[in-house]
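Undergrad: here is my input; please provide its structure:
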Amino acid sequence: MSEKENKNKEIQESVTTVPEANNEIKETTGADMEVYDDYDVTDLADSVKKKKRFKKRYAVIGIAALLIAAFVIYRINAAKNAVVMVETQGVALGSIENILSISGTVQSGETKNYYSDVTAPVEKINVKVGDKVSEGYELLTYDTEALDLAQQNAELAIKQAKGTYSATAAGATIADSAENYAQNMTLDQINNRIDQITDEKEAIQKKITEKKNRISQTIDELNKVQLDYNQNRVSDGAEAYNHYDRKDDDGNEMYLQTQEALTDAQAALTRDPELIAWQDQITALTDEASRLSSARSLKVSGGTLSAQKAALDTTQLNQGDTLTKIEAAKEGIKAEFDGVVTAIPANVAEGATLAAGAQILSIANLEDVQVTIQVSKSDLPKISLGQKVDVTINGKPYNGEVTKISGNATKNANGVAVVDTVIKVTNPDSDIIFGVEANNKIHAQKADNTIVLPYEYVQTDSTGDYVYVLAADNTVQRKDVVIGISTSTDAQIIEGLEVGDKVITSDVSLLTEGMTVVAQ
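TA: Prediction:
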């Protein structure tokens, strides 16, 4: 055995023969001491082998690290020199339309409230709330006996008004004449004319009196002449008197001439044409004065006759209207259009008396249907009058049109500002139910012959919207664009692109402007 081997053997024996007492650990914390045995024995031969294996492992790890670094550097250099493949789409003209989907409530554009034109009991009600009725359908009828009685009362009221007016006016002719004076002359003019008539009558009467006095004087003189003929105081009618014995120097019978003149003078008092004409003038002036006095009375009393005439006219107008309404009520209350009964007051019942002016029922027009929607401020710029709408009510499609946009915004239940907008259904039918929800697709914005791109091709950064295009030299070029109409999938490009440009549509996350690429 060599010296080296002997030495190793001694070392091993010395290690394995170490007394156990040398490895004891005593605990002195208590009265009794406990001994713990440590069996960790170091093998020096194993330690030497492990040191050799560690040296080999470190060498392998270093070589691997060098290989990895070289691989990474290679790949980086390869990437720099690699050609990027991209997909493109040629820019062309197309169409784009923005359709807004907004739900709303179906309503009637017209609700007709029916009122009673007469005071009469209800005989029969033919509808209830919710019933659909057609134009001309009889909704309600009145008690015809009560209507007949009301008709008689109206006719009697007109008759009484006419009687009162006639009594007040004291005859239609006089009343009309007096009323004409009252209307055409002022009170001062009437008084002045009455004074003028009085003066004219006095002047004419004076002429009449003067002429009659002259005639009377002539009669007296003729009577005296006749007395002179009876010189013997013998009456002309005395026995044996011959009036022919009295003649003038020319041989004419004086008595006869005097008698004739006396007769004519006496007749002139009643039949003289001038006296008659003057008397007629006085009669006409007296009649005119009488009518003027009546007219003056009307003026002074505040127009009593005019008031009575107005009362008559009013009675005839009102009662005439009542008679017309009674005649119509006898035909019953009928629907004026196709609709739905939406309300009947509790007091409207068969047998109940309805007062004139009382509401009977309400009908919503099925021929005038609209949908009310609320548009948010973001969608408001897209809405305009006349836009077409696809309306769906209870699963059935209808045509619609935007007819009204409120000028005042309100807040909905969530506190968001909205604008009430009305869509008119242009082809309604009897299947429509008011109050239900309708789905509406508004054809808001539309453009034809314009550049349209899928929205995903448009990029956005702090400077705005842009797209990458493939330039003629196969490099990436950025073009800033302006978007017009946009939908959830497409965008209208109104500035920045031209027809024929090639927009890069593949992943652009690794692209930079100026990079050389190859189009697939």
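Undergrad: could you point out which element follows the helix ranked longest in the chain?
TA: Ranked by residue count, the top helix of the chain under DSSP state H comes out as helix 187-229. For helix 187-229, the succeeding helix or strand toward the C-terminus, using DSSP states H and E, is helix 254-271.
Undergrad: tell me what that next one is packed against?
TA: If contacts are counted by 3 or more Cβ pairs under 8 Å, 6 or more residues apart in numbering; DSSP states H and E, helix 254-271 sits against helix 187-229. Quick note: C-beta positions are derived from backbone N, CA and C, even for glycine.
Undergrad: so for the helix it packs on, mean pLDDT?
TA: Computed over helix 187-229, the mean pLDDT rounds to 83.
Undergrad: would you map the helices across the stretch 401-520 of the chain?
TA: For the stretch 401-520 of the chain, applying DSSP state H, counting those that start in this stretch gives no helices.
Undergrad: same question for the stretch 251-400 of the chain.
TA: Under DSSP H, counting those that start in this stretch, the stretch 251-400 of the chain gives helices at 254-271, 273-300, 304-329.
Undergrad: next one: the longest helix of the chain to chain centre, how far?
TA: 82 Å (Cα atoms, centre = their mean, to the nearest Å).
Undergrad: could you give the angle of that helix to helix 273-300?
TA: Helix 187-229 and helix 273-300 meet at an angle of 160 degrees, taking axes from the mean of the first three to the mean of the last three Cα atoms, to 10 degrees as the criterion.
Undergrad: what packs against helix 187-229?
TA: helix 254-271, helix 273-300.
Undergrad: for the first one, C-alpha coordinates in CSV please.
TA: Read it as helix 254-271. Below are the C-alpha coordinates for helix 254-271, written out as CSV (Å, rounded to 0.1, in the frame of the first residue of the first chain):
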residue,chain,number,x,y,z
MET,A,254,-177.2,141.7,-61.7
TYR,A,255,-178.9,139.4,-59.2
LEU,A,256,-177.7,136.2,-61.0
GLN,A,257,-174.1,137.4,-61.3
THR,A,258,-174.0,138.2,-57.6
GLN,A,259,-175.5,134.9,-56.7
GLU,A,260,-173.0,133.0,-58.7
ALA,A,261,-170.1,134.9,-57.3
LEU,A,262,-171.4,134.2,-53.8
THR,A,263,-171.7,130.5,-54.5
ASP,A,264,-168.1,130.4,-55.9
ALA,A,265,-166.7,132.3,-52.9
GLN,A,266,-168.4,129.9,-50.5
ALA,A,267,-167.1,126.9,-52.4
ALA,A,268,-163.6,128.3,-52.4
LEU,A,269,-163.3,127.9,-48.6
THR,A,270,-163.2,124.1,-49.0
ARG,A,271,-162.3,123.4,-52.6
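Undergrad: so how far is it off the chain centroid?
TA: 96 Å.
Undergrad: now do it against helix 273-300, angle only.
TA: 10 degrees.
Undergrad: number the chain from 37, please
TA: Done: numbering now begins at 37, and the last item shifts to helix 290-307.
Undergrad: what's the spatially closest residue to L321 that is not a sequence neighbour in contact with, if anything?
TA: Among residues not flanking L321 along the chain, I233 sits closest, at 4.7 Å (Cβ to Cβ, 6 or more residues apart in numbering). I233 sits next to 321-322, 324-325, 328 when contact means Cβ atoms under 8 Å, 6 or more residues apart in numbering.
Undergrad: and these, which is closest to L102?
TA: Closest approach to L102 among the contacts of I233 (Cβ to Cβ): L328, at 143.6 Å.
Undergrad: do you know how far that closest one is from N228?
TA: 10 Å (Cβ to Cβ, to the nearest Å).
Undergrad: more crowded one of these two?
TA: L328 (21 against 13; other Cβ atoms under 10 Å).
Undergrad: sorry, back to before: tell me which of the helices and strands packed on helix 223-265 lies nearest to N485.
TA: helix 309-336 (83.4 Å).
Undergrad: what are the buried residues along that closest one?
TA: Using 16 or more other Cβ atoms under 10 Å as the test for burial, helix 309-336 gives 311, 314, 317-318, 321, 325, 328, 330-332, 334-335.
Undergrad: ditto for stretch 364-375
TA: Neighbour-count burial for stretch 364-375 flags 365, 369, 371, 373-375 (criterion: 16+ other Cβ under 10 Å).
Undergrad: stretch 539-549 too?
TA: Per 16+ other Cβ under 10 Å, stretch 539-549 contains these buried residues: 539-542, 547.
Undergrad: and the residue lying closest to I540 once chain neighbours are set aside, what pLDDT?
TA: Closest residue to I540 apart from its sequence neighbours, by Cβ to Cβ, 6+ apart: Y504 at 4.3 Å. Note on Y504: pLDDT of 95.
Undergrad: I'd say Y504 and Q495 touch.
TA: Yes. Proximity of Y504 to Q495 meets the contact threshold set by Cβ atoms under 8 Å, at 7.3 Å.
Undergrad: name the residues contacting each of the two.
TA: Joint contacts of Y504 and Q495 (Cβ under 8 Å, 6+ apart) are V544.
Undergrad: of the two, who's got more company?
TA: Taking neighbours as other Cβ under 10 Å, Y504 and Q495 compare with Y504 leading, 24 against 15.
Undergrad: what is that one paired to in the beta sheet?
TA: On the basis of DSSP bridges, Y504 is bridged to R514.
Undergrad: and the gap between the residue nearest to I540 and P490?
TA: The value you get for Y504 to P490, if Cβ to Cβ is used, is 14 Å.
Undergrad: could you do L305 as well?
TA: Taking Cβ to Cβ, one finds L305 at 129 Å from P490.
Undergrad: same thing with L353?
TA: From L353 to P490 the distance is 75 Å (Cβ to Cβ).
Undergrad: kindly report the same for V376.
TA: 47 Å.
Undergrad: name the residue in these two with the higher neighbour count.
TA: A side-by-side neighbour count of V376 and P490, using other Cβ under 10 Å, places V376 first with 22 against 12.
Undergrad: what's near enough to touch the more buried one?
TA: 144, 166-169, 399-400, 402, 470.
Undergrad: how long is stretch 523-540 from one end to the other?
TA: End-to-end distance for stretch 523-540: 21 Å, by Cα to Cα, to the nearest Å.
Undergrad: pLDDT of it, averaged?
TA: According to the model, stretch 523-540 has a mean pLDDT of 92.
Undergrad: check stretch 119-134 too.
TA: 90.
Undergrad: go on, stretch 344-360?
TA: 86.
Undergrad: next one: it to chain centre, how far?
TA: 35 Å.
Undergrad: buried sites along it?
TA: 344-345, 348, 351, 355, 358.
Undergrad: now do the contacts for D537.
TA: 126-127, 505, 515.
Undergrad: one step back: farthest-separated two in the buried residues of stretch 364-375?
TA: Pairwise distances across the buried residues of stretch 364-375 (Cβ to Cβ) peak at 23.0 Å, for the pair A365 and D374.
Undergrad: by neighbours, which of the contacts of V376 wins?
TA: Going by other Cβ under 10 Å, I399 tops those with 26 neighbours.
Undergrad: roughly how far apart are that residue and L390?
TA: Where L390 is concerned, I399 sits at a distance of 17 Å (Cβ to Cβ).
Undergrad: then E372?
TA: 19 Å.
Undergrad: okay, the buried residues of stretch 364-375 in CSV with distance to V455 and pLDDT next?
TA: Converted to CSV, the buried residues of stretch 364-375 look like this (distance: Cβ to Cβ, whole Å; pLDDT from 0 to 100):
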residue, distance to V455, pLDDT
A365, 45, 93
I369, 39, 94
A371, 34, 95
F373, 30, 93
D374, 31, 93
G375, 29, 94
